[in-house]
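Asks: just a sequence and a predicted model for now, questions to come.
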Amino acid sequence: MKPRPTVRIQFTSDVIRVLGFPRAATSGAAGFDLYADIEQAEILLPRDRLLVRTGIRMAIPSGWEGQIRPRSGLALKQGLTVLNAPATIDSDYRGEVRVLLVNASNDVATITPYERIAQLVFARVASPVFEIGELDETERGESGFGSTGTHDVRK
């Protein structure tokens, strides 16, 4: 089993402190729930977006990143998703974690105080060394957007 990173947390909200650390809903869950640190409900009109406070700051170890991802239940039930998903929290960022939600539906959506709004997943980060030079040839070559969806799988 790979070693788990130690992530130091600070709370910027007493209520979030009571709710506890970002936590996984089950023992097999990859994501840790993030909560809306708001005092009153926020209404999002269709196509509206809102930057939502989470009430936490953290120190992610070097070589790791935090990824903020949508919650499938919010996406299904209200059309709410993370606009820049997955959003990256760099290891050197020390500000409050915020979530950029967007209402992708045609209906009004509501975010309630201390509701679970997103999930936080941690991933290792590679830091490559860039080198100028010739590129190798591949079967795909320069074929871009949609090009891999045109292959006939019946062959």
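Replies: Cool, got the structure.
Asks: what sits against the closest residue to S13 other than its chain neighbours?
Replies: Excluding its sequence neighbours, the residue lying closest to S13 (CB to CB, 6 or more residues apart in numbering) is G55, at 3.3 Å. To be clear about C-beta, it is placed using only N, CA and C from the backbone, and glycine gets the same treatment. With contact set as CB atoms under 8 Å, 6 or more residues apart in numbering, G55 has these partners: F11, T12, S13, V15, I16, R17, Y35, D37, E96.
Asks: and L44, what are its bridge partners?
Replies: A109 (DSSP bridges).
Asks: okay, the closest residue to P113 other than its chain neighbours: pLDDT?
Replies: Among residues not flanking P113 along the chain, I38 sits closest, at 5.1 Å (CB to CB, 6+ apart). Listed pLDDT for I38 reads 95.
Asks: swap in the one 10 residues further on?
Replies: What the model reports for D48 is a pLDDT of 97.
Asks: also A104?
Replies: So A104 comes in at 97 (pLDDT).
Asks: residues touching the nearest residue to it once chain neighbours are set aside, list them.
Replies: Closest residue to A104 apart from its sequence neighbours, by CB to CB, 6+ apart: G79 at 4.7 Å. Counting by CB under 8 Å, 6+ apart, G79 touches N103, A104, S105, N106, D107, A109.
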